[in-house]
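Colleague: model the following, please.
(one chain, ligands or ions: 1)
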Amino acid sequence: MQTQNVAMPDVDGFFGQFGGRFVAETLMPLLLKLDAEWQEAKADPSFWQHFEAMSLRYIGRPSPLYYAERLTAALGGARVYLKRDELNHTGSHKINNCVGQILIAQRMGKRRIIAETGAGQHGVATATVAARFGLQCIIYMGAKDIERQAPNVFRMRLLGAEVRPVTSGNGTLKDAMNEALRDWVSNIDETYYLIGTVAGPHPYPEMVRTLQSVIGTEARKQILEHEGRLPNLLIAAVGGGSNAMGLFHAFLGDPDVAMIGVEAGGRGVDTDEHCASLSKGRPGVLHGNRTYILQDLDGQIREGQSISAGLDYPGVGPEHAWLRESGRVSYKSATDSEALEAFKFLATEEGIIPALEPSHALAELIKIAPGMSAEAIIILNLCGRGDKDIFTVSTLIESNEELF
Ligand SMILES: *Cc1c(COP(=O)(O)O)cnc(C)c1O
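Modeller: Predicted structure coming up:
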């Protein structure tokens, strides 16, 4: 069972009943070509040498595995380690995947990169690597998101990308995803579609997971060096699920390592305002794959709600749907106010301002670590830094004064 998890997906991209390639006929040849190219790159040592050189000198890897001494003492239970991917160039784990995919695009001779973005984080990471490799870059973004995320829109433009507003539907992430797929079909020859999480049609979920698995591969080696043994528990926030898969993958074959993915509970999973696709969604098709999605009774996609813009993807990567169904990983949620409290806690205990996304993982840590033995080891993926979130947080402080 465990090794089967590691070997997944099958050749058609299925993780059990999830994943696959649910796309228009016209897209199939592109996906097959991409898959062939990816399989070739994966087996080519020079691809990985290039990836590692960029990781070392451009991203700033390996990221430290940091023993959070004061956090551990304050919680009074398990020993807590933070995998510090917030120290990467551009401030999160997203750059790992973007560097890997831009190298694939280059191998394929593509000169034009497209992507969609919701909060703008993936758009910024994509614009960054496109600039680094001198490629044209077009980012689809919902018109409503363009208004809400002005600083990231400015960053993308500074990096030389064109940001195209999407006004169809609600003018948010899922509409931008449709628009990007449409662009891809009509500009097949020169275009590479760079997806930012472990979602989309096969081979994207497996490709993004493999590129992000550098996080867990490093963490596994680092914890063995520090502690001489594997951790008891891994915790990571789940939006689409790429930072979580990145940490989890290298440990899936270790039956004694437990794992928790934390979704955005918004104002509570019993309200309509959350983004907990695994806890509260139903299986369906979104973004070219079958997975858990937030939908209403008629099967219309529901907008996710969360304090953290990076977690409000209305679906989740198909491998997480499978890992939940197989029982290998547990999925929980943290509310906006729990995440805010955790955000503040890490800042004052460790002098690290986390992004609001990993603050959801920290909220779960705060619940679970005190009840564990002092011998137990937890690794939490600190996948992003909080500079981007200070204005959101400051607005919330004004309405939530008892918190601060
Ligand atoms: C985008 C983002 C996420 C959510 O995406 P995943 O694919 O679930 O990792 C989480 N944290 C940060 C910092 C992000 O930028």
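
Colleague: show me what stretch 265-276 is in contact with.
Modeller: For stretch 265-276, the external contacting residues (CB atoms under 8 Å, 6 or more residues apart in numbering) are 239, 263-264, 279-280, 294, 302, 304-307, 311-314, 333-336, 338, 360. Where C-beta positions appear, they are placed from N, C-alpha and C, glycine not excepted.

Colleague: these also near the ligand: which ones?
Modeller: Applying CB under 6 Å from any ligand atom to those, one finds that Gly239, Leu311 fall near the ligand.

Colleague: among the contacts of stretch 265-276, which lie within strands?
Modeller: With strands taken from DSSP state E, the overlap with the contacts of stretch 265-276 comprises Glu263, Ala264, Ser333, Ala334, Thr335.

Colleague: would JSON lines of those residues with pLDDT be doable?
Modeller: JSON lines is the format used below for the ones in strands among the contacts of stretch 265-276 (pLDDT from 0 to 100):
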{"residue": "Glu263", "pLDDT": "97"}
{"residue": "Ala264", "pLDDT": "96"}
{"residue": "Ser333", "pLDDT": "97"}
{"residue": "Ala334", "pLDDT": "97"}
{"residue": "Thr335", "pLDDT": "97"}
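
Colleague: low pLDDT regions in the stretch 1-150 of the chain?
Modeller: Applying pLDDT under 70 to the stretch 1-150 of the chain flags the ranges 1-6.

Colleague: returning to what we had before: neighbour-wise, which of the ones in strands among the contacts of stretch 265-276 leads?
Modeller: Greatest neighbour count in these, by other CB atoms under 10 Å, goes to Ala264: 31 neighbours.

Colleague: surely it meets Glu338?
Modeller: No: assessed by CB atoms under 8 Å, Ala264 is found out of contact with Glu338, at 10.4 Å.

Colleague: who touches both of those two?
Modeller: With CB under 8 Å, 6+ apart, Ala264 and Glu338 have common neighbours His360.

Colleague: what sits opposite the residue in the chain positioned nearest to the ligand in the beta ladder?
Modeller: Closest residue of the chain to the ligand, CB to the nearest ligand atom: Gly384 (2.3 Å). When assigned by DSSP bridges, Gly384 has beta-bridge partners Ser92.

Colleague: strands along the stretch 1-150 of the chain, start to end?
Modeller: Ranges of strands in the stretch 1-150 of the chain, per DSSP state E, counting those that start in this stretch, are 14-15, 18-19, 65-67, 79-83, 112-117, 136-142.

Colleague: among the ones you listed, which is the most enclosed?
Modeller: strand 18-19 (a mean of 28; mean count of other CB atoms under 10 Å).

Colleague: now do that one: which elements does it pack against?
Modeller: strand 289-293, helix 318-325 (3 or more CB pairs under 8 Å, 6 or more residues apart in numbering; DSSP states H and E).

Colleague: how about these in a markdown table, adding mean neighbour count?
Modeller: A markdown table is the format used below for these (neighbours: other CB atoms under 10 Å):
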| stretch | mean neighbour count |
| --- | --- |
| strand 289-293 | 26 |
| helix 318-325 | 25 |
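
Colleague: of the ones you listed, which is nearest Ile59?
Modeller: Judged by CB to CB, the one of the helices and strands packed on strand 18-19 that comes nearest to Ile59 is helix 318-325, at 23.3 Å.

Colleague: does that closest one come close to the ligand?
Modeller: No: Helix 318-325 does not reach the ligand (CB under 6 Å from any ligand atom); its nearest approach is 8.9 Å.

Colleague: number the residues from 813 up from this point.
Modeller: Sure, I'll start numbering at 813, so the last one becomes helix 1130-1137.

Colleague: that helix vs strand 1101-1105, what angle?
Modeller: 60 degrees (axes from the mean of the first three to the mean of the last three CA atoms, to 10 degrees).

Colleague: show me what helix 1130-1137 is packed against.
Modeller: Where contact means 3+ CB pairs under 8 Å, 6+ apart, helix 1130-1137 is packed against strand 826-827, strand 830-831, helix 1016-1024, helix 1054-1060, strand 1070-1078, helix 1089-1092, strand 1101-1105, strand 1142-1147.

Colleague: ok, 6 Å please
Modeller: Counting by 3 or more CB pairs under 6 Å, 6 or more residues apart in numbering; DSSP states H and E, the packing neighbours recorded for helix 1130-1137 are strand 826-827, strand 830-831, strand 1101-1105.

Colleague: how about those strands in JSON lines, adding distance to the ligand?
Modeller: Converted to JSON lines, those look like this (distance: least, CB to the nearest ligand atom, whole Å):
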{"stretch": "strand 826-827", "distance to the ligand": "16"}
{"stretch": "strand 830-831", "distance to the ligand": "15"}
{"stretch": "strand 1101-1105", "distance to the ligand": "13"}
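
Colleague: okay if I get these as JSON lines plus distance to Val941?
Modeller: Shown next, in JSON lines, are those (distance: least, CB to CB, whole Å):
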{"stretch": "strand 826-827", "distance to Val941": "27"}
{"stretch": "strand 830-831", "distance to Val941": "26"}
{"stretch": "strand 1101-1105", "distance to Val941": "24"}
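
Colleague: relative to Glu1037, which of the ones you listed is closest?
Modeller: strand 826-827 (31.6 Å).

Colleague: the domain parsing of this structure - what is it?
Modeller: According to automatic domain parsing, the chain comprises the domains 833-867+906-1020, 874-903+1024-1210.

Colleague: surely Gln1034 touches Leu877?
Modeller: Yes: using CB atoms under 6 Å, Gln1034 is in contact with Leu877, at 3.7 Å.

Colleague: who's in contact with the residue of the chain closest to the ligand?
Modeller: Glu898, Gly903, Ser904, Ala1167, Glu1169, Pro1170 (CB atoms under 6 Å, 6 or more residues apart in numbering).
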